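>>> Coordinates only, no sequence provided:
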């Protein structure tokens, strides 16, 4: 059984101008402590029948509350403290393996009322931002805002969200012209929070609204994946592009992503030199680096000759990061903004190049991942090596990591080379540096579209 304790304390490290301090609940689990702000009500002496909310006390007032036989109004405050501790202990007792995150959700979300959905969103978004998982935080914010706009969830609890409620939301989204894919993107964060509420015992399995429609549940719609990988001949045609120097640079970064088995731009543009050992690149994907510590395994990728040429062409050998898209002084939000900006500019450049080279597809950076996997299979790499290089726990779910390299991984890295079929355009160092300064370091908002 997990050991825990609770106490009401006066946070004397944060004195306010009126010489009061915040009163907090201290929760200790297995010798680790966290502090949670609390508030209480006392009668308003000026207006009988009304009550005033309080969160702060002076040291003298707190001592009077903690006296053996406190007098009013301190007796009322003491009773509120006791009720707060009682609620905290009851919550900790019902948890099989209590954690601070779980306790915070339960303690602040009025679990007895079915769990406030908005509060669960707010807590998880804050948690993601504190851990620099800004992409996930943004996804949950978009989900919350969409649900609130159409259904109003500020006062909703998990018990009121039924399969019919979800069907009505999807119906309204379709009426607004939203795709099935968008509906799924907005509903999956809600389902994840339902799983948290189920684990927290805020709701029972009977009230869980997601599942098989045959059982009266709601199934989140899935769109068909219509993105066909680029043919190898199309990749070769793209690699042969020569024109605007800045568009050539963005094309090169698309090719580098392809050579590295579809490494996404967040991972690609935040690579550090210490991750590169000879021709072996070791990464833990940003998308899933905050999974359980024991589940984290590094992906090791072979950097083939053509990928190394691109790294040398645009890399800054004196920096910490390989590329100068981001720098060591950037905070996580600045890094995310710069990567998004660079990714958007790359997509604009790819569309301009595709138009000039008569490529029919609406190419974007995501094609690098699909194409690399497809071409690797076609040239003899095993399904297991593709799975490992993409970081999949299984073929359909990207959630696990590998350590160690097989002979097949080297074969996979080399199978994506194009140089035997494509004359790579050599560029002078001076030109490359100019492109770096104009195209990467400043990260332009838009890319000139070639006619």
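Happy to help now that I have it. Just so you know, these numbers come straight off a predicted model, no measurement behind them.
>>> after the strand or helix carrying residue 236, next one along is what?
Taking DSSP states H and E as the definition, one finds residue 236 inside helix 232-239. Next helix or strand after helix 232-239 toward the C-terminus (DSSP H and E): helix 245-259.
>>> before we move on, back to that, name the residues of the helix holding residue 236 that come out as buried.
For helix 232-239, burial by neighbour count (16 or more other CB atoms under 10 Å) applies to 232, 234, 235, 237, 238, 239. For glycine as for every other residue, the C-beta is placed from the backbone atoms N, C-alpha and C.
>>> Please apply the same query to stretch 253-272.
For stretch 253-272, burial by neighbour count (16+ other CB under 10 Å) applies to 253-271.
>>> same for the helix holding residue 236, what does it pack against?
helix 245-259, helix 332-356, helix 366-378 (3 or more CB pairs under 8 Å, 6 or more residues apart in numbering; DSSP states H and E).
>>> quick one, domains of this protein?
Under the assignment automatic domain parsing, the domains of the chain span 4-97, 109-215, 232-441.
>>> and those domains as JSON lines, adding mean pLDDT?
Shown next, in JSON lines, are the domains of the chain (pLDDT from 0 to 100):
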{"stretch": "domain 4-97", "mean pLDDT": "90"}
{"stretch": "domain 109-215", "mean pLDDT": "89"}
{"stretch": "domain 232-441", "mean pLDDT": "75"}
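>>> got CSV for those domains, with distance to residue 103 too?
As requested, these are arranged in CSV below (distance: least, CB to CB, whole Å):
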stretch, distance to residue 103
domain 4-97, 6
domain 109-215, 9
domain 232-441, 19
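>>> Nearest to residue 221, out of the ones you listed?
Nearest to residue 221, of all these, is domain 109-215, at 4.5 Å by CB to CB.
>>> Now residue 76. Nearest residue, chain neighbours left out?
Spatially, and ignoring its direct neighbours in sequence, residue 76 is nearest to residue 42 (5.5 Å; CB to CB, 6 or more residues apart in numbering).
>>> Buried residues in stretch 324-337, which are they?
324, 325, 326, 335, 336.
>>> Can you check the distance spanned by it, start to finish?
End-to-end distance of stretch 324-337 (CA to CA, to the nearest Å): 14 Å.
>>> where does that stretch sit relative to the chain's centre, distance-wise?
16 Å (CA atoms, centre = their mean, to the nearest Å).
>>> Could you do stretch 5-21 as well?
Counting by CA atoms, centre = their mean, stretch 5-21 comes out at 34 Å from the chain centroid.
>>> which ones are touching residue 14?
Contacts for residue 14 were tallied using CB atoms under 8 Å, 6 or more residues apart in numbering; they are 21, 22.
>>> how near is it to residue 108?
From residue 14 over to residue 108 the distance is 20 Å, taken as CB to CB, to the nearest Å.
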